[in-house]
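>>> the sequence and its predicted three-dimensional model are supplied below.
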Amino acid sequence: MSLTTRAVWTAFVATLIAVAAYVGETPLAAFCAVLAVVVAFGWPVLLGLPSRPGASVVIGVGGVGAVAAITFTRGEPFLRELPAVVALSILLAFVSELLRTDGRERLLESVSGVVAGTLVVASVAGWVASGRTSGGTGLVITGALALAVGSAVVVLPISGWIGAFVTVGVAAGAGAGAGALVPGMDVVAGALLGLAVGVLVASLHVLFDRLRALRKLPAALAALVLPVTVTGILVYVVGRVLVG
C-alpha cells in the first residue's frame, strides 16, 4: 500500500472518529474497539513478531478491554481502570509466551513487541474518555479534524524537516480553525491540540514509512490506523490540561 493511499485512509478514519463522536458515545466506543482489532491483526506483521496469532489475541483483548473499561466506568476520572487493563494484558502476554510450542525463539522481541502493541491499542480508549468528559465532543472533533488534515498533508511532495514542519503547521492551523467553530473549544486550545497532533503524525510518518513490512496488507492496515489509535490518549491528556 502506497504512502498516498495510507495517508488518505488515515484521514478518512480520523474523520469517522469525529462523526462517531458527534453521533454519540456508543458509536464512538464501538468504532474505537474496531480500530483496536485492526491494529491487533496487523501489528505482529508490522513488527515481524514470531508468534503472530497469540500476539494478535493478546493485543486485541487489551485494546477492546481498555475501551470497554472506560465505556462502563462511572464518574471521573474515566481512565482510572486503564492501568489494571494494561497490567492484565501484560500478564496475558507472558502467558501467551508460555503456551508457545516453537521453542520460544526471539522471546524478548516477542514479549516487548506484544507489550508495545498493547500500549498502542489501549491508547485508542482516550477518544472514548475524551468524549465522556464535559464538552468532550468538541474536543474529540477538534483533535480528529486536526489529525485528518495533518495526515492528508503527508502526501505532499515535501520531504525532510520541511515536510515535518509543514505537517505540524497545517495540523495546528486546522486545530485552531476547528477550535474557533466547535462549541466548548477556543482558538488557542485548538491550535495547541493541533500542534501536538501534528508532531505525532510527522513522527509516525518518519518512523514507519520505509518499513518493508508495509507491503503486506495487515501491516499496512495497522500502520494507517496507528496514528488514530495513538492520538486518542494524546487528545485526552491535552484536553484535560487546556480545556479541563
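Structure received.
>>> for the rest of this, base every contact and every neighbour count on C-alpha atoms.
Will do.
>>> per-residue confidence for residue 145?
pLDDT, residue 145: 91.
>>> for the protein, give me the ranges with low pLDDT.
Across the chain, the ranges flagged by pLDDT under 70 are 1, 159, 243-244.
>>> let's see it at 50
Along the chain, the model assigns pLDDT under 50 to no residue.
>>> and the helices in it?
In the chain, the helices defined using DSSP state H lie at 3-23, 25-47, 52-71, 82-98, 107-122, 125-132, 136-153, 160-181, 187-208, 217-242.
>>> if I read this right, residue 189 contacts residue 176, doesn't it?
Yes: using CA atoms under 8 Å, residue 189 is in contact with residue 176, at 7.3 Å.
>>> for burial, what's the neighbour tally of residue 180?
18 (other CA atoms under 10 Å).
>>> how about residue 163?
Around residue 163 there are 17 residues (other CA under 10 Å).
>>> so what's it closest to, chain neighbours aside?
The shortest distance from residue 163 to any non-neighbouring residue, by CA to CA, 6 or more residues apart in numbering, is to residue 154 (7.4 Å).
>>> contacts only, for residue 180.
186-187, 190 (CA atoms under 8 Å, 6 or more residues apart in numbering).
>>> ok, and the most crowded of the residues you listed?
residue 190 (32 neighbours).
>>> next one: that one from residue 156, what distance?
23 Å (CA to CA, to the nearest Å).
>>> for residue 202, same thing?
With CA to CA as the criterion, residue 202 and residue 156 are 12 Å apart.
>>> between the two, who's got more neighbours?
Using other CA under 10 Å as the criterion, residue 202 and residue 156 rank with residue 202 on top: 22 against 11.
>>> I figured residue 197 hits residue 171, correct?
Yes: Residue 197 is within contact range of residue 171, at 6.9 Å (criterion: CA under 8 Å).
>>> which neighbours do those two share?
146-147, 150.
>>> which one of those is nearest residue 11?
Set against residue 11, the nearest of the shared contacts of residue 197 and residue 171 by CA to CA is residue 147 (6.9 Å).
>>> residues touching that closest one, list them.
Per CA under 8 Å, 6+ apart, neighbours of residue 147: 11, 14, 171, 194, 197-198, 201, 228, 231.
>>> now render the residues you listed as JSON lines, adding neighbour count and distance to residue 67.
Shown next, in JSON lines, are the contacts of residue 147 (neighbours: other CA atoms under 10 Å; distance: CA to CA, whole Å):
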{"residue": "11", "neighbour count": "25", "distance to residue 67": "22"}
{"residue": "14", "neighbour count": "26", "distance to residue 67": "17"}
{"residue": "171", "neighbour count": "33", "distance to residue 67": "26"}
{"residue": "194", "neighbour count": "33", "distance to residue 67": "24"}
{"residue": "197", "neighbour count": "33", "distance to residue 67": "21"}
{"residue": "198", "neighbour count": "32", "distance to residue 67": "24"}
{"residue": "201", "neighbour count": "27", "distance to residue 67": "22"}
{"residue": "228", "neighbour count": "29", "distance to residue 67": "14"}
{"residue": "231", "neighbour count": "26", "distance to residue 67": "14"}
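>>> so which of those residues comes closest to residue 84?
Distances from residue 84 to the contacts of residue 147, taken by CA to CA, are shortest for residue 231, at 20.8 Å.
>>> one step back: same list (the contacts of residue 180) but as a markdown table, adding distance to residue 162.
Listed next are these as a markdown table, based on distance: CA to CA, whole Å:
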| residue | distance to residue 162 |
| --- | --- |
| 186 | 28 |
| 187 | 25 |
| 190 | 23 |
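>>> ok, so of the residues you listed, who is nearest residue 69?
Distances from residue 69 to those, taken by CA to CA, are shortest for residue 190, at 27.7 Å.
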